[in-house]
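*Asks:* pasting the structure only:
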């Protein structure tokens, strides 16, 4: 379930909620837990993505296409 971050425009409190995408689309659960206002702004934050490694392949290649592009 995705986590959404908001800042209340009334009391400036930052908060985070976990909602299904359908609940978020319907506007559910976005009220400020501090003051109860629905006048909130969604904050966008960077996320970290981990991918699996190709250990044991022995190719020594990296990135898409197998070449780093550096000499």
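*Replies:* Nice, thanks for sending it over. For clarity, every value in this text was computed on a predicted model and none was experimentally measured.

*Asks:* where does residue 47 sit: helix, strand or coil?
*Replies:* Under DSSP: H, G, I helix; E, B strand; the rest coil, residue 47 falls in the coil class.

*Asks:* by mean pLDDT, which helix or strand of this structure comes out lowest?
*Replies:* helix 21-25 (a mean of 91; mean pLDDT, DSSP states H and E).

*Asks:* buried ones in that helix?
*Replies:* 23, 24 (16 or more other CB atoms under 10 Å). C-beta coordinates here come from the backbone N, C-alpha and C atoms, glycine included.

*Asks:* mind checking how far that helix is from the chain centre?
*Replies:* Taking CA atoms, centre = their mean, to the nearest Å, one finds helix 21-25 lying 15 Å from the centre of the chain it belongs to.

*Asks:* same check on stretch 6-24?
*Replies:* Centroid separation for stretch 6-24 versus its chain: 13 Å, with CA atoms, centre = their mean.

*Asks:* buried residues in it, which are they?
*Replies:* Of the residues in stretch 6-24, those buried (16+ other CB under 10 Å) are 6, 8, 15, 17, 19, 23, 24.

*Asks:* do the same with stretch 27-45
*Replies:* Buried residues in stretch 27-45 (16+ other CB under 10 Å): 30, 31, 32, 40.

*Asks:* gap between the second one and residue 46?
*Replies:* Taken as CB to CB, to the nearest Å, the spacing of residue 31 relative to residue 46 amounts to 26 Å.

*Asks:* now do the contacts for residue 47.
*Replies:* Listed by CB atoms under 8 Å, 6 or more residues apart in numbering, the contact set of residue 47 is empty.

*Asks:* can you check the pLDDT for it?
*Replies:* In this model, residue 47 is scored at 74, pLDDT.

*Asks:* likewise for residue 12?
*Replies:* 97.

*Asks:* repeat that for residue 8.
*Replies:* So, for residue 8, pLDDT stands at 97.

*Asks:* and the buried residues of stretch 27-45, which is closest to residue 50?
*Replies:* residue 30 (28.7 Å; CB to CB).
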